[in-house]
Structure formats: C-alpha cells, structure tokens
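[1] using only what follows, build the 3D model:
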Amino acid sequence: MTTKAMVDILAENPFFTTMPRAQMELVAGCAVNAVYHEGDYLFREGEAADYFFLIRHGSVALELAHPSRGAVVVETLGEGDVIGWSWLVEPYRWMFDARARETLRVVKIDGACLRGKCVADHALGYELYRRVATLMADAITAAKLQLMDVYGGGRS
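    Predicted coordinates:
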C-alpha cells in the first residue's frame, strides 16, 4: 500500500480542488491525519479553535447544549465535508461541540500554523478566507432552512 502525500489528499477534497498546488503545499505543511472514535469530541464550545478538519470517512454531529434537553444536534457532517471555521475568525473559539458519530478519519489542519502562513502570504489568506466565507454562507442557509422547518412546518 502506498502512502499518499498530504497535498494529494487535500487536492481530493472539494474545499481544495481548485486551489493552486503551491498554496495547497503550504496548507499541507500544517496538516496531519487523525482518527477519532465514536463519542470522541473533536472540540468543545468555548475552547480555543486552533484546528479545522476535512472529513475523509465517518460523520460528525455539531451539537449545542440546551439547558433542559442536553446536547441538541444542529447539523451532521460527513465524508468530504469541512468542519470548523472558527480557527479563522477572532476570538478563535468554538461555537459548538463536535462529536464523532462513528469511527472518524480526518485531516486535522493546524489553524494557528495556517494563520501565520496567511499573514506571510496574503494571496493564501485571501484564498482561505474566500473558501471559508462560502462555508459560512452554506451554514447560514442550512440553519435558515432548519428554522423554517421547525417553526414554519405545517402552517398554511
């Protein structure tokens, strides 16, 4: 079995497919493969957001703590998805909990490392901000649709 170079693994993910290879190589220098097991937390709300993740296999539940109902799943992400954009937005704190729903294989990218590279290479910073902004817009759209379903379902 051959080991793929991290840059080749990144290139397979939709988040990175059109990124120039030289920029992907910079990102790859901040990335490692990681495995989480069912029930493991990738991160917890309020903790320092120093990483983001590309899901290669498995799924992750994004959860919010509800005072009377406990953890409420607000979104489930799976293979090919990117989880975590708080590493790029001050104050660099997680706004949700993220828990593995099954054995999870991810590329874990060090956001602090990448922030430093973005300062040094503004073209990389622009490219990442542009891509993360798209993730944010998608998350807002998903939340809007979920709210419409919860609060608007069944009314005529």
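[2] what mean pLDDT does stretch 18-34 get?
    Per-residue pLDDT over stretch 18-34 has a mean of 95.
[3] got the end-to-end distance for that stretch?
    24 Å (CA to CA, to the nearest Å).
[4] that one: how far from the chain's middle?
    15 Å (CA atoms, centre = their mean, to the nearest Å).
[5] who's in contact with the residue nearest to residue 107 when sequence neighbours are not counted?
    Of all residues not flanking residue 107 in the chain, residue 54 sits nearest, at 4.2 Å (CB to CB, 6 or more residues apart in numbering). The way it works is simple: take the backbone N, C-alpha and C, and place the C-beta from them, glycine included. Residues in contact with residue 54, defined by CB atoms under 8 Å, 6 or more residues apart in numbering, are 9-10, 13, 15, 81-82, 106-107, 109.
[6] by mean pLDDT, which helix or strand of this protein comes out lowest?
    When each helix and strand of the chain is scored by mean pLDDT, DSSP states H and E, helix 122-152 comes last, with a mean of 78.
[7] where do the strands sit along this protein?
    31-36, 41-43, 51-57, 60-66, 70-77, 82-83, 97-100, 104-110 (DSSP state E).
[8] which other helices and strands contact the second one?
    Put plainly, it is strand 41-43. Judged by 3 or more CB pairs under 8 Å, 6 or more residues apart in numbering; DSSP states H and E, strand 41-43 is in contact with strand 51-57, strand 97-100.
[9] need those in CSV with mean pLDDT, can you?
    Shown next, in CSV, are the helices and strands packed on strand 41-43 (pLDDT from 0 to 100):
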stretch, mean pLDDT
strand 51-57, 96
strand 97-100, 96
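[10] may I have the beta-bridge partners of the one residue sitting closest to the centre of the chain?
    Nearest to the geometric centre of the chain sits residue 83, at 1.5 Å (CA atoms, centre = their mean). Beta-bridge partners for residue 83, by DSSP bridges, are residue 53.
[11] ok, it touching residue 58?
    No. In this structure residue 83 lies outside contact range of residue 58 using CB atoms under 8 Å: 11.2 Å.
[12] burial measure for residue 19, as a count.
    19 (other CB atoms under 10 Å).
[13] just list the residues touching it, thanks.
    By CB under 8 Å, 6+ apart, the neighbours of residue 19 are 10, 27, 127, 131.
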